[in-house]
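In: sequence first, predicted coordinates after that:
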Amino acid sequence: MKRRICIVGAGISGLLACKYALAKGYQPLVFESRSTIGGVWTQTLKTTKLQTSKPSYQFSDFPWPSSVETLFPDHNQVFDYIQSYANHFNLLKHIRFNTKVLSIKYDGPSHEHVQSCALWGGNGDPFGDKGKWIITTRDLLTQSIEVIVVDFVILCLGRFSDVPNMPEFPSGKGPEVFEGKVMHSMDYSSLNDETATNTVKGKRVIVVGLQKSALDITMECSIANGKTAVRG
C-alpha cells in the first residue's frame, strides 16, 4: 500500500514536493486554501517582475518556454510558467483547493522516544511504522470538516503563511494615532489594479521597508503620483 503524504500549500514548494513524492511512489494529497496554485504569485502588483534572472529561477526539469524572451519575466509570465509545470506533470488532480488545514496531530510514540532514535523512525526510513498523522481540514466552500490519516506531513506554507508581519508600536504611537490610511503590503497586493491605483493616487505615500514588495509598491506609487510624492 502506498504511503500517504499530506502536503500543505500549493505554491512552488508544494508543487515540487508533490511531484517528487509521486516520483518516489508515494501518494501525495495537497491542501490549498486558495482556489488556485502559485502561492505568492497569485497576488502580485502589476509592476512585479522577477528580481533574479530567468535562468536562476526555473525548475531543473522544466525550462522556461522559448516564448518568454525577457531576462526578468513579469508576474503573469511567472504564473503561467508555474501553471504549465503543474499541468505538464499532472499535479492538479492531487490538490484539494479551497481547503484549509485546521489541525495536525501526531498519533504514535512519545516525543522522547522518537528523539532517542538515531534516525526518525529508527531504521533509516523517514516514515517508519511507529505512528500516523491525523489531519483535520475544512472545505471553505461547503464548511464541511474532514479528518484524514496520513503517514507523513510536509509543510509548504511560505515564510509568513498569509499573516502580515506587522511591527509593534509603543502605546499611543502606532497606526491608531495616524490620520492617514495604514495598509500592509499584503492587503495592497490583494487589490485589483484600478483600486490599487486609486488608493495611492493624489496622496503622499511613505513605504516602510526595503524588500521586494516595498520596491514594487514604491514603483506603483511613483507611476500614480510622480516620484517626488513617494518616500521610502
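Out: Happy to help now that I have it.
In: just how off-centre is stretch 44-63 within its chain?
Out: Offset of stretch 44-63 from its chain centre (C-alpha atoms, centre = their mean, to the nearest Å): 15 Å.
In: list the buried ones in that stretch?
Out: The neighbour-count check on stretch 44-63 (16 or more other C-beta atoms under 10 Å) flags Thr44, Leu45, Thr47, Thr48, Lys49, Leu50, Lys54, Phe59 as buried. C-beta coordinates here come from the backbone N, C-alpha and C atoms, glycine included.
In: pick out the most distant pair among these.
Out: Across the buried residues of stretch 44-63, no pair lies farther apart than Thr47 and Phe59, at 24.8 Å, counting by C-beta to C-beta.
In: quick one: contacts for the residue nearest the centre of the chain?
Out: In the chain, the centroid-proximal residue (C-alpha atoms, centre = their mean) is Gly39; its distance is 3.4 Å. Counting by C-beta atoms under 8 Å, 6 or more residues apart in numbering, Gly39 touches Gly9, Ala10, Gly11, Ile12, Ser13, Gly14, Gly158.
In: check contacts around the first one.
Out: For Gly9, the contacting residues are Val30, Phe31, Glu32, Gly39, Leu155, Cys156, Leu157, Gly158, by C-beta under 8 Å, 6+ apart.
In: against Val177, how distant is the nearest residue to Ser189 once chain neighbours are set aside?
Out: Nearest residue to Ser189, sequence neighbours excluded (C-beta to C-beta, 6 or more residues apart in numbering): Gln43, at 4.8 Å. Gln43 sits 29 Å away from Val177, going by C-beta to C-beta, to the nearest Å.
In: more crowded one of these two?
Out: Using other C-beta atoms under 10 Å, the more surrounded residue of Gln43 and Val177 is Gln43, with 17 against 9.
In: what's the closest non-adjacent residue to Leu91?
Out: Cys18 (5.1 Å).
In: isn't that neighbour up against Leu92?
Out: No: contact criterion C-beta atoms under 8 Å: Cys18 and Leu92 do not qualify, at 9.6 Å.
In: who has more neighbours out of these two?
Out: Ranked by neighbour count (other C-beta under 10 Å), Cys18 and Leu92 place Cys18 first, with 26 against 16.
In: just grab the bridge partners of Val147 for me.
Out: Thr136 (DSSP bridges).
In: what is the burial count for it?
Out: Applying other C-beta under 10 Å, I find that Val147 has 11 neighbouring residues.
In: pLDDT value on it, please?
Out: pLDDT, Val147: 98.
In: so it sits against Arg138, correct?
Out: No: at 10.8 Å, Val147 does not count as touching Arg138 under the criterion of C-beta under 8 Å.
In: outline the domain layout of the protein.
Out: In terms of domains, the chain is parsed into 4-155, 175-227 (source: automatic domain parsing).
In: which of these comes out lowest on mean pLDDT?
Out: Among these, domain 175-227 scores lowest, with a mean of 85.
In: helices of this structure, residue ranges please.
Out: Ranges of helices in the chain, per DSSP state H, are 12-23, 75-88, 111-116, 185-189, 193-200, 212-225.
In: okay if I get those helices as TSV plus distance to Gly172?
Out: Formatted as TSV, the helices of the chain follow (distance: least, C-beta to C-beta, whole Å):
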stretch	distance to Gly172
helix 12-23	41
helix 75-88	39
helix 111-116	43
helix 185-189	24
helix 193-200	26
helix 212-225	26
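In: all good on my end, thank you.
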